[in-house]
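# need coordinates for the following:
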Amino acid sequence: MSLPNVSALEAGVAKKAQIKGRAASLAHRAAINGASKVVNMPQSNATPGTQMKHIGSRRANHHRAWAGGCLGTAFGLFGLLALTVSPMPASAAILTQGSASGSAGGSTCLDVAYDNIAAGTRVGPVTCNAGPAEQVSWNYVTIYTMGGQRCLDTAGGSTSSGAAIVSNTCNAKASTQQWYYYFGQVVNIGAGECLDTGGAVNGGSQLHLEPCNGSVTQNWQIK
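Modelled structure (predicted):
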């Protein structure tokens with residue numbers, strides 16, 4: 001199963017938002033230009049009351065055009081901001097593999113070794129216990145560990161196949177700390193590969209990246 005091109009998807013949405021913003025701006029200008037045209041009435045038929053009525057109408061049209069243009073531009077900007085602004089970390093969850101009938105919704109879980117907050121701590125697959133070391137928060141493209149104080153990353157920021165997974169100091173600019181969930185696979189955006197257990201559990205095992213292949217060792221559930 002081929003993976004979507006995240007950069008292309010975001011670029012496409014951003015382009016649509018820009019087009020909508022431009023269209024709204026052009027409509028705004030056209031409406032103002034139309035509203036600002038003076039209606040030349042024959043002086044013999046134009047009474048002061050009639051003149052004031054047309055002036056008031058032009059002002060009302062101008063205000064409506066200005067408000068409509070602002071609203072359209074706001075919608076365009078909102079589309080762009082939606083791509084770059086993310087909410088605060090979500091509530092805790094766990095990433096599991098295996099039968100959902102297990103006590104923690106799976107049999108194998110992503111776990112920060114020894115519940116250690118130190119940057120660069122190994123992240124391994126262990127038998128699920130739903131403890132604090134297994135709880136993560138997934139926020140947009142970031143997977144927070146250790147109560148939101150650390151982020152899931154590759155060791156040394158490596159994008160190589162087989163790169164080991166660690167709990168690291170959060171860095172919003174690091175592509176190796178950006179992930180997305182795609183049909184059960186946890187994909188690292190920087191490397192373009194999937195989170196894999198390698199079939200090992202406990203015993204000092206460490207999660208790592210492998211080319212995405214849809215295997216059971218790459219099939220994760222969010223509980």
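
# care to break the chain down by domain?
Structural domains of the chain, as assigned by automatic domain parsing, span the residue ranges 6-84, 95-222.

# quick one: the strands in this structure?
Here the chain has its strands, by DSSP state E, at 95-97, 108-112, 121-127, 137-139, 142-145, 150-154, 165-168, 179-182, 185-188, 193-196, 208-210, 221-222.

# what is the mean pLDDT for the fifth one?
Taken as a whole, strand 142-145 has an average pLDDT of 97.

# now that strand - C-alpha only, PDB.
Written as PDB, here are the backbone C-alpha positions of strand 142-145 (Å, rounded to 0.1, in the frame of the first residue of the first chain):
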ATOM      1  CA  THR A 142       4.200  15.100  17.300                       C
ATOM      2  CA  ILE A 143       4.100  12.100  19.700                       C
ATOM      3  CA  TYR A 144       4.800  13.300  23.200                       C
ATOM      4  CA  THR A 145       6.200  11.000  25.800                       C
END
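
# doesn't Ile222 make contact with Gly184?
No - Gly184 is beyond contact range of Ile222, at 9.5 Å (criterion: Cβ atoms under 8 Å). Yep, even glycine has a C-beta here, placed from its N, CA and C like the rest.

# would you mind measuring from Thr159 to Gln178?
Noted for Thr159: a distance of 11 Å to Gln178, by Cβ to Cβ, to the nearest Å.

# so which of the strands of the chain is nearest Asn202?
Between Asn202 and the strands of the chain, the tightest spacing by Cβ to Cβ is seen for strand 121-127, at 5.3 Å.

# point out the other helices and strands that the closest one packs with.
strand 108-112, strand 165-168 (3 or more Cβ pairs under 8 Å, 6 or more residues apart in numbering; DSSP states H and E).

# can you say which of those is packed in most?
Taking mean count of other Cβ atoms under 10 Å as the contact definition, the stretch among the helices and strands packed on strand 121-127 with the greatest mean neighbour count is strand 108-112, which reaches a mean of 27.

# got the angle for it vs strand 121-127?
Per axes from the mean of the first three to the mean of the last three Cα atoms, to 10 degrees, the angle that strand 108-112 makes with strand 121-127 is 160 degrees.

# ok, and for stretch 118-126, which residues are buried?
Residues of stretch 118-126 classed as buried by neighbour count (16 or more other Cβ atoms under 10 Å): 121-126.
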